[in-house]
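[1] Generate a structure from the sequence data that follows.
(2 chains)
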Amino acid sequence: MKKRRDLLLYAGLGAVLGLALLALLLLGPRWLRTPPAAVQSVAPTATEARKIRARLFYVNEEGTALSGIEQEVSYGEGTVEQARRIVEAQLVTPPPPLTSAIPPGTKLRTLFLTAGGDAYVDLTPELQTNHPGGTTNEILTVYSLVSALTSNLPAVTGVQILIDGKEVDTLAGHLDLRRPIGQDARWVVE
Amino acid sequence: MVGLDDLANIFQLQIREDAAARAVTATYKTQTLVLTPDQSLVSASGRLVSLPAPLIRQGRRWLVPVEFISRALAPIYDTRLEVRPASRLVLVGDLRVPRVVAQYDSSPTSLRVTFDITPRANATVTQEANRLLVRIDADTLDASLPPAPSQQGLLTGIRAAEPNTIQLDLGPRFSSHRVSQPASSGAAAVLTIELLAPPSTESSATAPNVPVAPAEPLAPGAPNAPGSALPVFGEANRPTLRTIVIDPGHGGEDSGVKGAGGAVEKQVTLAVARRVKGAIEGRLGMRVLLTHEDNRIGADGRAAIANNNKADLFISLHANGSPQPTTRGATIFTLSLDRFGEDARRQSQADREVLQVFGGGTREFSLVEWELAQAAHLDGSQAFASILDQKLRAITGMPAITLQRAPMRNLAGANMPAVLIEMGYLTNADEEKLLTSNGFQGNFAAAVTEAVTTFRDYLEQGPQVPEPPTP
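    Okay, the predicted model is just below:
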């Protein structure tokens, strides 16, 4: 009988303590309501700030090939969204001494991925109008984008560049861009 | 393919296999080449060089394609190396080894034997008993001597005799010979020897003319004088060069690359194209067409000009640009095929059809998509690129030439061997000055002309060039 009374007493005390703690959290000082950092990363607004490490591609010292350099890139939910973030990062003009092969002013319009692994990257016309010309420049521009996507995302095996939503023959009169282009190790040096 | 161990013995290379790095290194003095198994790229002093086949292991040996010598080893070697695939020669050092090409032109009473000697060298002709000896002032000879047309009985054989002599074995109808004064033709010397039959036999020689089949027209460039010479079997089917299309890169409002000092790519390519056209027409007498005279023209339009004029060779001229102002060197591009192109190539082999042609007889046709016509000519294109590489190095002194394959839009639709030459970087101030100079442009035109001459010989005589498909 005494045992049962003690059990009820402990349950009652636990309930009171629980209520007191809840009241303290809801009505107490501000610092007590701040969630810990681990909780912050899964909040929807925090996704934007989350970063991944990805290889972006810049012109090497000789000016004839690309070097892959690990950079922080915004996290994107799913392959397509991540592909967009990688391309956007690749389009940004890097600080010296890095040299980008992407003409300044180029922006990503949209990007979609086929079931066969071909990414269609739709870019603004600056990619063409601001291009300096020359086969090497054109190769470096195209393979910057191809390498950034294919080396970071195994689901992407080919890249086709569109400009203003349309297919193009070439960027500057040399490389055939009518079909998706796959990764080519010849243009990347470690 | 050739063994790396053999090359190591000949060229004093240190070969080392690095299993951890999955690489094979070949070191000559202080210079190192890095090869990767099953890959066709070689790192040569910081530059990547493409080979036509990968490094492979066969038993205990590593094998590389022969082109390894000219493309990877030659640039780091301190002695001149030159590979001549047609004659299976590797020249080490400054040897005088002119290429000697013999051609025949027969009439009822004579047989004219013409020797093109490149580069120019003096020659003397002497008769010893029933043979003529042509001694050429050289260390040895790189000779291309097609079988002599022996049916007239003037010449029964021709061969190279060590080290610098060509021997003509005279036939029973030989009476005398005439030697023309050696003439110069660009970088080559031309020596002509006429073998004459005795006057008394002239009438009998003309009598038994072999009837020529009416349905088989004489091939241009083949022995002329209908009915006078027996046809050389297979001669009519051999490919040759009659028409060449030169494509000056860019044009019209498309200026191409702007140079560090203001030079414009479209002007440089047009100027060089005109000089190449003049040099080939003047020296070889071939028909040479330009795709445009400073007009904007699309890639398909350029290929269409070559295809519609039944050109046998397409050469696109460009000047390069790089983000780095120090980048330098020339590149010769041939087309690389993606998976669509590989399909087209297989299709072109599979879809051959034999059709009746006007005038009787049959001809083999292959069907290939217009936009991927080049897929059927890649072997010829790579052969020409390799020849061009050697001639440019020898004549212009351009030290850094790279052979590359890439999906080049201008080459895709060309239904004949085709290359794109990036002559150098306009974004490099020194190369800009070079490319716009008269001296370089003249030498470049001479080198292309030499390459065309050699390529024509390959097509007509050489067993090394794979048989191009019938257009």
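
[2] where along chain A do the helices fall?
    Under the criterion DSSP state H, chain A carries helices at the ranges A:2-27, A:37-40, A:78-91, A:126-129, A:135-152.

[3] Would you mind checking the average pLDDT for the second one?
    For helix A:37-40, the mean per-residue pLDDT is 34.

[4] tell me, which of the helices of chain A is the model least confident about?
    helix A:37-40 (a mean of 34).

[5] Got the domain ranges for chain A?
    Domains of chain A are assigned by automatic domain parsing as A:2-38, A:51-187.

[6] so which of these is the most packed in?
    domain A:51-187 (a mean of 19; mean count of other C-beta atoms under 10 Å in any protein chain shown). Glycine gets a C-beta too; all of them are placed from N, C-alpha and C.

[7] neighbours around the closest residue in space to A:Thr136 that isn't next to it in sequence, how many?
    Sequence neighbours aside, B:Ser322 is the residue nearest to A:Thr136 in space, at 4.8 Å (criterion: C-beta to C-beta, 6 or more residues apart in numbering or on different chains). Residues lying near B:Ser322 (other C-beta atoms under 10 Å in any protein chain shown) number 27.

[8] Kindly report the same for B:Gln374.
    B:Gln374 has 28 neighbours, counted by other C-beta under 10 Å.

[9] And the one 3 residues further on, by the same measure?
    By the other C-beta under 10 Å criterion, the neighbourhood of B:His377 contains 26 residues.

[10] got a list of what the residue nearest to A:Thr136 touches?
    A:Val59, A:Gly63, A:Thr64, A:Gly134, A:Thr136, A:Asn137, A:Leu140, B:Tyr425, B:Thr427, B:Asn428 (C-beta atoms under 8 Å, 6 or more residues apart in numbering or on different chains).

[11] Next one, pLDDT for the first one please.
    Yep, that's A:Val59 we're talking about. For A:Val59, the pLDDT comes out at 96.

[12] so what's it bridging to?
    Note on A:Val59: beta-bridge partners by DSSP bridges are A:Leu66.

[13] For it, give me its contacts.
    The contact partners of A:Val59, by C-beta under 8 Å, 6+ apart, come to A:Ala65, A:Leu66, A:Ser67, A:Thr99, A:Ser100, A:Ala101, A:Leu140, B:Ser322, B:Pro323, B:Gln324.

[14] Around chain B, pick out the residues from chain A.
    Counting by C-beta under 8 Å from any C-beta of the partner chain, chain A comes close to chain B at A:59, A:61-65, A:99, A:101, A:132-137, A:139-140, A:169-170, A:172-179, A:181-182, A:185-186, A:189.

[15] Straight-line length of stretch B:146-156, end to end?
    By C-alpha to C-alpha, to the nearest Å, the extent of stretch B:146-156 from end to end equals 12 Å.

[16] which residue sits closest to residue 99, ignoring its sequence neighbours?
    You didn't say which chain, so I picked chain A. Nearest non-adjacent residue to A:Thr99, counting by C-beta to C-beta, 6+ apart: A:Val59, 4.3 Å away.

[17] wait, I meant chain B there
    B:Arg99 sits nearest to B:Asp142 (C-beta to C-beta, 6+ apart), 4.5 Å away.

[18] Quick check: phi and psi at that neighbour.
    Per-residue torsions, B:Asp142: phi -110, psi 90 (degrees, to the nearest 10).

[19] residue ranges with poor pLDDT in the stretch 1-150 of chain B?
    B:46, B:85-88 (pLDDT under 70).

[20] what comes up buried for the lengthiest helix in chain B?
    Longest helix of chain B, by residue count under DSSP H: helix B:438-460. By 16 or more other C-beta atoms under 10 Å in any protein chain shown, the buried positions in helix B:438-460 come out as B:440-460.

[21] near chain A, which residues of the stretch 101-250 of chain B?
    Selection of the stretch 101-250 of chain B residues close to chain A by C-beta under 8 Å from any C-beta yields B:Gly249, B:His250.

[22] all helices for the stretch 101-250 of chain B, in order.
    B:202-206 (DSSP state H, counting those that start in this stretch).

[23] Return the residues in contact with B:Val268.
    With contacts defined as C-beta under 8 Å, 6+ apart, B:Val268 is in contact with B:Ala319, B:Met423, B:Leu426, B:Leu435, B:Thr436.

[24] Could you dump the contacts of A:Val59 into JSON lines with distance to B:Thr25 added?
    Listed next are the contacts of A:Val59 as JSON lines, based on distance: C-beta to C-beta, whole Å:
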{"residue": "A:Ala65", "distance to B:Thr25": "20"}
{"residue": "A:Leu66", "distance to B:Thr25": "24"}
{"residue": "A:Ser67", "distance to B:Thr25": "22"}
{"residue": "A:Thr99", "distance to B:Thr25": "29"}
{"residue": "A:Ser100", "distance to B:Thr25": "33"}
{"residue": "A:Ala101", "distance to B:Thr25": "30"}
{"residue": "A:Leu140", "distance to B:Thr25": "28"}
{"residue": "B:Ser322", "distance to B:Thr25": "28"}
{"residue": "B:Pro323", "distance to B:Thr25": "30"}
{"residue": "B:Gln324", "distance to B:Thr25": "27"}
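
[25] I'd like to know which of these is nearest to B:Pro98.
    Proximity of those to B:Pro98 (C-beta to C-beta) peaks at B:Ser322, which lies at 37.6 Å.

[26] roughly how far apart are the closest one and A:Thr157?
    Going from B:Ser322 to A:Thr157 by C-beta to C-beta, to the nearest Å gives 28 Å.

[27] same question, B:Phe384
    In terms of C-beta to C-beta, B:Phe384 sits 33 Å off from A:Thr157.

[28] again, but for B:Leu41
    Between B:Leu41 and A:Thr157 the computed distance is 21 Å (C-beta to C-beta).

[29] what do you get for B:Gly93?
    For B:Gly93, the distance to A:Thr157 (C-beta to C-beta) stands at 48 Å.

[30] And B:Lys266, by the same measure?
    Separation of B:Lys266 from A:Thr157 (C-beta to C-beta) stands at 36 Å.

[31] What is the burial count for B:Gly285?
    9.

[32] B:Thr192 touches B:Asp116, doesn't it?
    No - taking contacts as C-beta atoms under 8 Å, B:Thr192 lies outside contact range of B:Asp116: 10.2 Å.

[33] Please enumerate the strands of the stretch 301-450 of chain B.
    Taking DSSP state E, counting those that start in this stretch, the strands of the stretch 301-450 of chain B run over residues B:313-320, B:330-335, B:352-356, B:362-366, B:401-406, B:418-425.

[34] These: which one's closest to A:Leu149?
    Comparing the strands of the stretch 301-450 of chain B by C-beta to C-beta, strand B:401-406 comes nearest, at 19.1 Å.

[35] what is the orientation angle of the closest one with strand B:330-335?
    30 degrees (axes from the mean of the first three to the mean of the last three C-alpha atoms, to 10 degrees).

[36] list the helices and strands strand B:401-406 packs on?
    Contacts defined by 3 or more C-beta pairs under 8 Å, 6 or more residues apart in numbering or on different chains; DSSP states H and E place strand B:401-406 against strand B:47-50, strand B:330-335, helix B:378-396.

[37] Deepest-packed of these, please.
    In terms of average neighbour count - mean count of other C-beta under 10 Å - the standout among the helices and strands packed on strand B:401-406 is strand B:330-335, at a mean of 24.
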